[in-house]
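# Give me coordinates for this.
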Amino acid sequence: MINRLISELVAYGIDAGLVNLDDKTYTINRLLELFGILEYEETPVTEKRELVDILEDMLVYAHKEGFFEEDTITMKDLFDTKIMGLLTPPPTMVRKTFADLYREDPRKATDYYYDFSQKTNYIRKDRIAKDEKWMTETEFGPIDITINLSKPEKDPRDIAKAGQAKKSGYPSCLLCVENEGYMGHFSHPARQNHRIIPIKLAGEDYFLQYSPYVYYNEHCIILNKKHIPMIIDRAVFRKLLEFVKLFPHYTAGSNADLPIVGGSILSHDHFQGGGYVFAMAKAPYERTFSLKGYEDLNAGIVKWPMSVIRLQGKDIGRIVDAADHILTSWRGYTDEEAFIFSETDGTPHNTITPIARMHGDLFELDLVLRNNITTEESPWGVYHPSADLHHIKKENIGLIEVMGLAVLPARLKQEIAILEEAILQGKDIRADEQIEKHADWVEKWIGHYDITPDNIRGILQDEISKVFVKVLECAGVYKRTEEGQKAFMRFVESL
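Numbers count the residues shown, from 1 in each chain. The predicted structure follows:
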């Protein structure tokens, strides 16, 4: 059986361009070594199967032969990644191919690299396919929703073993360059099939990789070579704009650099980007203004649930200067009437979530004003989803959500299914502990619809999307009211 599976896997590797014909015997021998096989006879591959099916059969064999004790997701992931690492070309080859294609066309280079990341099973396509996704039209454009099902939940057996395992400080985090080819362990994913692409931004060494969970098309991560904390400063604006100059078909942004409004790994400097056009990118200017000293740039407030200033221009340096002026002003800005405080008791509260993209031949930089102040009434944050929305979204609002894509927890898949049945059968939602948290919300809209088995799913999806818009409005420091917009303009005028 294992002979046949090795023959299948190597044939897959050759077809996928991962294994050169000259390396066929070498790759077979490495797999024989991994499985401890002394005899081998190549089996003709008459039927091409999906990689996930070949690997699953290999895992069944490996578990039966005692290569790993328990067939938990973590143990299986560690072992099948080790298998794929034997088929994955070394970094030098991947980087050379990327560079050669980049000289032809940046899009060809990223197309190759994204395809490569899937063929090596670094991006597990079979899991990504499980994510639930939909789009709903709103006053702010088409809002995207995804229920994240591709990130597997930890098995209690793995959690127990991780707790007993010796702690390691290498790699320092999931984003460090040392993850390339790393074997992994109970509390750190294996990365033998992981390859990263070096790039220069503002004279500093960064690397491009894709997110293994791909929340949207070609969801990439741009990580600093050094394990240093995230910070939003003048240099970040230049780096984001230089990235979209290198890859004009991509967008790039950064989470904010303060807790609560960060929603990311703040310990390692990194950005996120990709090949998806978010609703925010399609949102128009709602009001334009002339920024003193930067009259050559287009500037204005974006029609968006959050508080966004957009800059456009052809000169990166000029946009960086203007953005730095706005950031510096916002860092020290207080408007007690609007409940915006730059700091309290020495703790800073104001920062920015920046997003860069190309708009035709113009560089475009969105600056989303953020504030992380908390109160006794709002311990999660004043500009955080309010308590009545936590049944849908309780987590921090990070970069991806800011741009118009809700990443909702996996629990909602089952809760939606239970809600559908309860609504259709007229059950008491409050009587079911799994969905009672949704009762107040359902009561607000259920009377507006003529509900049938055919439309119930669409209704629930639309109503969830409306909740997400409210979530974004909560995160906006200036509300979309007459009073809120006047306060927004007070800040603009202070610039």
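
# so where's the protein shaky on pLDDT?
Counting by pLDDT under 70, the low-confidence segments of the chain come to 151-167, 263-264.

# what domains does the record give for it?
The record's domain parsing of the chain by automatic domain parsing lists 1-87, 132-153+276-495.

# Format those domains as a markdown table; extra columns: mean neighbour count and distance to G169.
In short, each C-beta sits where N, CA and C put it, glycine included. Putting the domains of the chain into a markdown table (neighbours: other C-beta atoms under 10 Å; distance: least, C-beta to C-beta, whole Å) gives the following:
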| stretch | mean neighbour count | distance to G169 |
| --- | --- | --- |
| domain 1-87 | 16 | 19 |
| domain 132-153+276-495 | 17 | 24 |
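
# got JSON lines for those domains, with distance to E242 too?
Conversion of the domains of the chain to JSON lines gives the following (distance: least, C-beta to C-beta, whole Å):
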{"stretch": "domain 1-87", "distance to E242": "30"}
{"stretch": "domain 132-153+276-495", "distance to E242": "7"}
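
# what are the ranges of the strands in the stretch 251-400 of the chain?
For the stretch 251-400 of the chain, applying DSSP state E, counting those that start in this stretch gives strands covering 251-253, 270-274, 285-288, 298-302, 308-313, 343-344, 347-348, 350-359, 362-371.

# thinking again about what came up before, relative to H188, which of the domains of the chain is closest?
domain 1-87 (9.5 Å; C-beta to C-beta).

# Just the endpoints, please. Distance across the closest one?
Using C-alpha to C-alpha, to the nearest Å, one end of domain 1-87 lies 19 Å from the other.

# Next, name the residue at the spatial heart of the protein.
In the chain, the residue lying closest to the centroid (C-alpha atoms, centre = their mean) is Y215, at 5.2 Å.

# Of all the strands of the stretch 251-400 of the chain, which one is nearest N29?
Each of those was checked against N29 via C-beta to C-beta, and the shortest separation belongs to strand 270-274, namely 37.8 Å.

# then that closest one to PDB, C-alphas only?
Listed next in PDB are the C-alpha coordinates belonging to strand 270-274 (Å, rounded to 0.1, in the frame of the first residue of the first chain):
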ATOM      1  CA  HIS A 270       3.800  43.000   9.400                       C
ATOM      2  CA  PHE A 271       1.200  44.100   6.900                       C
ATOM      3  CA  GLN A 272      -1.600  42.200   5.100                       C
ATOM      4  CA  GLY A 273      -2.700  42.500   1.500                       C
ATOM      5  CA  GLY A 274      -3.900  40.600  -1.500                       C
END
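
# tell me what it is packed against?
Contacts defined by 3 or more C-beta pairs under 8 Å, 6 or more residues apart in numbering; DSSP states H and E place strand 270-274 against strand 220-224, helix 234-246, strand 251-253.

# Spell out which strands sit alongside it in the sheet and which way each one runs.
Sheet pairing of strand 270-274 (DSSP bridges) gives strand 220-224 (antiparallel), strand 251-253 (antiparallel).

# could the ones you listed be laid out in TSV, adding mean neighbour count?
Supplementary listing: these in TSV, determined by neighbours: other C-beta atoms under 10 Å:
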stretch	mean neighbour count
strand 220-224	23
strand 251-253	26
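
# Present those strands as JSON lines; the columns should include distance to P106.
Formatted as JSON lines, the entries for the strands paired with strand 270-274 read as follows, by distance: least, C-beta to C-beta, whole Å:
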{"stretch": "strand 220-224", "distance to P106": "13"}
{"stretch": "strand 251-253", "distance to P106": "13"}
